[in-house]
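J.: what would the 3D arrangement of this be:
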Amino acid sequence: MSIPQSGGGPIESHDQLAGYLASGCKPRSEWRIGTEHEKFGYCKDTLRPLPYEGARSIHAVLSGLRDRYGWAPVEEGGKLIGLEKGGANVSLEPGGALELSGAQVETIHQTCDEVNDHLREVKSIADEIGAGFIGLGAAPIWRHEDMPLMPKGRYKLMDAYMGRVGTMGRVMMRRTTTVQVNLDFASESDMVQKLRVALSLQSVATALFANSPFFEGKPNGHKSWRSRVWRDLDADRTGIPSFVFDDGFGFEAWVQYALDTPMYFVYRNGEYVDALGMSFRDFLKGELPALPGEKPTLSDWADHLTTLFPEARIKKYMEMRGADGGPWRRLCALPAFWVGLLYDQSSLDAAWDLAKNWDQETRLALRVAASEAGLQAEAGGVRMHDLARECLDIAEAGLKARAMPGAGGLVPDETHFLNALRESVETGKVPADELLDDYHGPWDGDLTRIYAERSY
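T.: Residues are numbered from 1 along each chain as shown. Presented below is the predicted three-dimensional model:
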């Protein structure tokens with residue numbers, strides 16, 4: 001979940017709203033990669049989720065990272081709720097999952113080094129206090145009541161609202177995790193093409209990274225239960241917005257979408273003001289019931305943009321949001337997949353050629369099918385296994401064209417980060433399939449084995 005935005009002055013004209021998005025446009029030489037991932041913490045002896053406080057807790061992990069590795073603390077209401085260092089931050093998800101939001105870097109080699117360093121740091125602290133961390137798209141055994149809400153004002157407000165819209169919001173907040181990558185665009189037209197590709201092919205990422213076949217102690221009938229949860233969360237702010245594919249789509253159309261999405265909160269003086277269901281349009285006129293007479297700043301606008309949750313979204317950059325949290329290798333594979341597709345123009349064009357003739361019904365059907373069946377999904381005459389293979393070929397070509405070396409020049413490009421996905425396409429099995437094989441095979445239905453065998 002995002003942290004409060006800052007640095008924006010008063011909004012004096014409507015043009016500033018689209019201008020905020022457009023200000024993210026960068027020349028290709030300045031395009032960067034930012035990878036985020038979440039993971040569940042648990043007590044090794046009881047296999048229960050880590051509480052916020054205590055000798056063996058989320059607070060203990062954050063404190064250990066702060067004291068041993070030089071992370072600066074982020075506090076809210078006197079509570080340690082995050083860390084910052086070198087353009088990266090560590091934050092808490094509502095149910096206590098730990099998130100790394102990585103710094104903006106040039107290559108996947110760098111973002112993977114960052115992930116590896118972070119996981120090693122976390123493990124060094126966790127091992128000392130008898131805790132573990134695991135990468136899965138959904139908590140496999142824990143129930144709602146097992147996961148108390150973390151002490152962040154934003155989460156308290158969201159939790160109340162989620163209880164009134166959809167059916168799965170509170171499940172998403174406490175019991176799902178993801179890995180995502182944040183990428184740049186050069187211009188409005190570049191943003192449009194990238195966002196259309198991202199929204200169309202997000203189902204491929206859902207299939208390849210599907211890693212949540214269990215929920216509340218048993219198989220749930222889906223390869224990605226996390227994706228299933230997002231389908232019944234809040235129709236105002238999730239899914240695949242069809243208007244992105246309309247002629248004339250651009251920054252202003254996204255502004256209108258955001259203005260039509262009910263607000264969650266306004267951040268003032270270190271506290272979250274309840275604005276649940278209120279309108280940013282009214283806020284622009286000084287008529288927000290929560291803050292009568294007050295008009296918003298660009299920071300308020302930036303905060304509001306973080307409460308839109310489609311499968312891919314734009315702020316000053318673009319976020320790919322379709323993948324389950326997962327194993328160590330796949331935390332590097334996700335940025336490789338999307339960088340390969342989107343950061344080389346020939347590959348971007350080829351990716352759009354795959355999807356440009358799909359209608360909205362096909363896009364939505366593929367999203368559902370990927371959640372249920374992974375690489376065995378099929379919808380609208382499209383076979384996911386074939387589509388995934390084509391996407392990986394395009395992504396590999398894009399990474400070769402980037403020719404970004406690593407390991408001091410010993411590794412010529414970033415293509416090896418796709419190897420985990422290649423293996424899935426070759427075998428037809430994604431992480432969820434491997435988990436189910438273990439559950440029905442050597443684990444003999446004992447789902448507690450997942451912690452010892454799948455933790456970082």
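J.: contacts and neighbour counts: CA atoms only from here.
T.: Will do.
J.: distance between stretch 337-354 and the chain's centre?
T.: 20 Å (C-alpha atoms, centre = their mean, to the nearest Å).
J.: ah, wrong one, I meant stretch 245-257
T.: Relative to its parent chain, stretch 245-257 has a centroid offset of 22 Å by C-alpha atoms, centre = their mean.
J.: quick check: end-to-end length of it?
T.: With C-alpha to C-alpha, to the nearest Å as the measure, stretch 245-257 spans 13 Å from end to end.
J.: now stretch 173-183
T.: Per C-alpha to C-alpha, stretch 173-183 runs 24 Å from first to last residue.
J.: what mean pLDDT does it have?
T.: Stretch 173-183 shows a mean pLDDT of 98.
J.: off-centre distance for it?
T.: 3 Å.
J.: now stretch 323-339
T.: Relative to the mean C-alpha coordinate of its chain, stretch 323-339 is positioned 11 Å out (C-alpha atoms, centre = their mean).
J.: give the contact list for residue 226.
T.: Counting by C-alpha atoms under 8 Å, 6 or more residues apart in numbering, residue 226 touches 137-138, 172, 176-177, 212, 324.
J.: now do it, the pLDDT please.
T.: You'll see residue 226 listed with a pLDDT of 98.
J.: following the strand or helix carrying it, which helix or strand shows up next?
T.: Per DSSP states H and E, residue 226 falls inside helix 225-231. As assigned by DSSP H and E, the chain's next helix or strand after helix 225-231 is strand 238-239.
J.: distance from that next one to the middle of the chain?
T.: Mean C-alpha position of strand 238-239 versus that of the full chain (C-alpha atoms, centre = their mean) differs by 13 Å.
J.: give me the mean pLDDT for that strand.
T.: 97.
J.: now stretch 278-292
T.: 95.
J.: what do you get for stretch 364-371?
T.: Rounded mean pLDDT across stretch 364-371 is 98.
J.: check stretch 345-360 too.
T.: Computed over stretch 345-360, the average pLDDT equals 98.
J.: which strands or helices does the helix or strand harbouring residue 254 pack on?
T.: Element membership of residue 254 [criterion: DSSP H and E] is helix 251-260. Helix 251-260 sits against helix 15-22, helix 280-284, with contacts defined as 3 or more C-alpha pairs under 8 Å, 6 or more residues apart in numbering; DSSP states H and E.
J.: got a list of contacts for it?
T.: Under C-alpha under 8 Å, 6+ apart, the answer for helix 251-260 is 17-18, 21-22, 188, 243-244, 279-281, 304-305, 308.
J.: closest to residue 271 out of those residues?
T.: Checking those against residue 271 with C-alpha to C-alpha, the nearest one is residue 304 at 15.1 Å.
J.: might one say that that closest one is in contact with residue 267?
T.: No - the criterion here is C-alpha atoms under 8 Å, and residue 304 misses it with residue 267 at 10.1 Å.
J.: more neighbours: those two, which one.
T.: Between residue 304 and residue 267, counting by other C-alpha atoms under 10 Å, residue 304 is the more crowded of the two (21 against 18).
J.: distance check, that one against residue 264.
T.: 8 Å.
J.: can you check residue 170 too?
T.: Going from residue 170 to residue 264 by C-alpha to C-alpha gives 15 Å.
J.: and the helices in the stretch 51-200 of the chain, which stretches?
T.: For the stretch 51-200 of the chain, the helices defined by DSSP state H, counting those that start in this stretch occupy 58-69, 108-129, 153-162, 169-175, 188-208.
J.: repeat for the stretch 201-350 of the chain
T.: Under DSSP H, counting those that start in this stretch, the stretch 201-350 of the chain gives helices at 225-231, 251-260, 280-284, 298-305, 328-342, 345-355.
J.: Serialize these to a markdown table and add fields for distance to residue 117.
T.: Converted to a markdown table, these look like this (distance: least, C-alpha to C-alpha, whole Å):
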| stretch | distance to residue 117 |
| --- | --- |
| helix 225-231 | 26 |
| helix 251-260 | 36 |
| helix 280-284 | 40 |
| helix 298-305 | 29 |
| helix 328-342 | 12 |
| helix 345-355 | 31 |
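J.: which among these is found nearest to residue 193?
T.: helix 345-355 (7.6 Å).
J.: tell me what the next helix or strand after the closest one is packed against?
T.: Where DSSP H and E defines the elements, the next helix or strand beyond helix 345-355 is helix 360-373. Here helix 360-373 touches helix 188-208, helix 225-231, strand 378-379, going by 3+ C-alpha pairs under 8 Å, 6+ apart.
J.: re the thing from before, turn the helices of the stretch 51-200 of the chain into JSON lines, columns for distance to residue 440 and mean neighbour count.
T.: Formatted as JSON lines, these follow (distance: least, C-alpha to C-alpha, whole Å; neighbours: other C-alpha atoms under 10 Å):
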{"stretch": "helix 58-69", "distance to residue 440": "32", "mean neighbour count": "19"}
{"stretch": "helix 108-129", "distance to residue 440": "29", "mean neighbour count": "18"}
{"stretch": "helix 153-162", "distance to residue 440": "35", "mean neighbour count": "18"}
{"stretch": "helix 169-175", "distance to residue 440": "23", "mean neighbour count": "23"}
{"stretch": "helix 188-208", "distance to residue 440": "21", "mean neighbour count": "24"}
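J.: dump these into CSV; add distance to residue 287 as well.
T.: Shown next, in CSV, are the helices of the stretch 51-200 of the chain (distance: least, C-alpha to C-alpha, whole Å):
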stretch, distance to residue 287
helix 58-69, 39
helix 108-129, 43
helix 153-162, 20
helix 169-175, 28
helix 188-208, 31
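J.: any idea how far residue 98 is from residue 57?
T.: 11 Å.
J.: please apply the same query to residue 236.
T.: Applying C-alpha to C-alpha to residue 236 and residue 57 gives a distance of 35 Å.
J.: same check on residue 216?
T.: With the distance defined as C-alpha to C-alpha, residue 216 ends up 22 Å from residue 57.
J.: what about the closest residue to residue 317 other than its chain neighbours, how many neighbours?
T.: Spatial nearest neighbour of residue 317, chain neighbours left out: residue 184 (4.9 Å); criterion: C-alpha to C-alpha, 6 or more residues apart in numbering. Neighbour count of residue 184, defined by other C-alpha under 10 Å: 27.
J.: residue 184 is in contact with residue 314, isn't it?
T.: No - Residue 184 sits out of contact with residue 314 when judged by C-alpha under 8 Å, with a separation of 9.5 Å.
J.: which residues touch residue 69?
T.: Applying C-alpha under 8 Å, 6+ apart to residue 69 gives the contacts residue 121.
J.: separation between it and residue 85?
T.: Look at residue 69 and residue 85: by C-alpha to C-alpha, they are 10 Å apart.
J.: same thing with residue 219?
T.: From residue 219 across to residue 85, the span is 39 Å (C-alpha to C-alpha).
J.: the more surrounded of the two?
T.: Taking other C-alpha under 10 Å, residue 219 and residue 85 do not tie; residue 219 has more neighbours (19 against 15).
J.: the nearest residue to residue 326 once chain neighbours are set aside: neighbour count?
T.: Setting aside the residues directly before and after it, residue 326 is nearest to residue 135 in space (C-alpha to C-alpha, 6+ apart), at 4.3 Å. Using other C-alpha under 10 Å, residue 135 is surrounded by 28 other residues.
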